[in-house]
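Asks: Mind looking at a prediction? Sequence and model below.
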Amino acid sequence: MKAYEIMNHLEKYFPLNLQMDFDCCGLQIGSREKEVKKVYIALNADNETLQACIENNCQMLITHHPFLLEKIKNLDTSLHQGKFISTAMKHDIVVYSLHTCLDRGQNGISMNDWLIQKLGVHDVTCYDHYEVGKKAILNEAINGKDFIEKVKDIFHIEHLKYSKNTNKMIHTIAICGGSAADDLEILADQVDCYITGDTKYRHAKYAIDHDCLLIDPGHHLEVIIEEKLPELLETLPLEIAVHHSKDYFEYQ
């Protein structure tokens, strides 16, 4: 099928008009008319995933994070951006990304819906006017320390950081994959626990001062798209390969 048919299918769930002002979603490189038999799904659009796409005989790389989000200053092929573009064009690879369109989603299908549903909840709602972050009620209340272990287990995380106010019962939670630590200021009085990445020292203090457990599993939590996005493509006449991305960070 044509690349544009795959794009149109995904945009039924994640219309491009949902993207945030700073973002650059949609087609990154390649022709909409390209014939695609096999797609490669990855969290990131980088030289590692592009090479894996080629090695797996795929004609299209679909990612969460857009390649074009980083400003391009030149096309020096000895540097990562020029290398990525020249390699994609040489091998005629279509690169397509959804980022904040997928973050927001609609009708209960979005990255943050996928994340929060994994934790066993009900009454899921958006907590912000952008309709990105989600909050919900746990199906079963749980002690803070035990909830931290549950998050680690469900999302297969060995290391995470959290505020030290763990001695409390968790009934209500909120989550926003990626980087949304400042949302804590609107959530601290609404939920017992907030989960997001890229938090700073001041966020932990704020969480403690307002008695809201803050859990930071890292930005890589968004890798859930590699599990869930293929499910939305299963009805199409395509082969699907998945990257199984690793965190850019290593932890000791």
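Replies: Nice, I can see it. In this text the structure is predicted, and so the values were computed from the model without any measurement.
Asks: Can you get me a residue count around E227?
Replies: For E227, the neighbour count with other CB atoms under 10 Å is 13. C-betas here are computed from N, CA, C, even on glycine.
Asks: should've said L68
Replies: Once other CB under 10 Å is used to define contacts, L68 is seen to have 18 neighbours.
Asks: Same check on I186?
Replies: The tally of other residues near I186 (other CB under 10 Å) stands at 14.
Asks: What distance do you get for it to K145?
Replies: 26 Å (CB to CB, to the nearest Å).
Asks: and T196, what element?
Replies: Taking DSSP states H and E as the definition, one finds T196 inside strand 193-197.
Asks: distance between that strand and the chain's centre?
Replies: 14 Å (CA atoms, centre = their mean, to the nearest Å).
Asks: Mind listing the strands it pairs with, and their directions?
Replies: strand 169-179 (parallel), strand 213-216 (parallel) (DSSP bridges).
Asks: State the mean pLDDT of it.
Replies: For strand 193-197, mean pLDDT rounds to 98.
Asks: Just give the nearest non-adjacent residue to the residue sitting nearest the centre point of the chain, would you?
Replies: Central residue of the chain (CA atoms, centre = their mean): E222, 3.1 Å from the mean position. Spatial nearest neighbour of E222, chain neighbours left out: G177 (4.5 Å); criterion: CB to CB, 6 or more residues apart in numbering.
Asks: Roughly how far does that neighbour sit from D76?
Replies: Distance from G177 to D76, counting by CB to CB: 33 Å.
Asks: Those two: which is more packed in?
Replies: Neighbours were tallied for G177 and for D76 using other CB under 10 Å; the higher tally belongs to G177 (29 against 11).
Asks: In JSON lines: the strands paired with strand 193-197, plus mean pLDDT.
Replies: Converted to JSON lines, the strands paired with strand 193-197 look like this (pLDDT from 0 to 100):
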{"stretch": "strand 169-179", "mean pLDDT": "97"}
{"stretch": "strand 213-216", "mean pLDDT": "98"}
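Asks: can you count the residues close to I154?
Replies: Counted with other CB under 10 Å, residues neighbouring I154 total 13.
Asks: and if you look at V242?
Replies: Using other CB under 10 Å, the number of residues around V242 comes to 17.
Asks: Next up, the contacts around it.
Replies: Neighbouring residues of V242 by CB atoms under 8 Å, 6 or more residues apart in numbering: 40-42, 226, 230.
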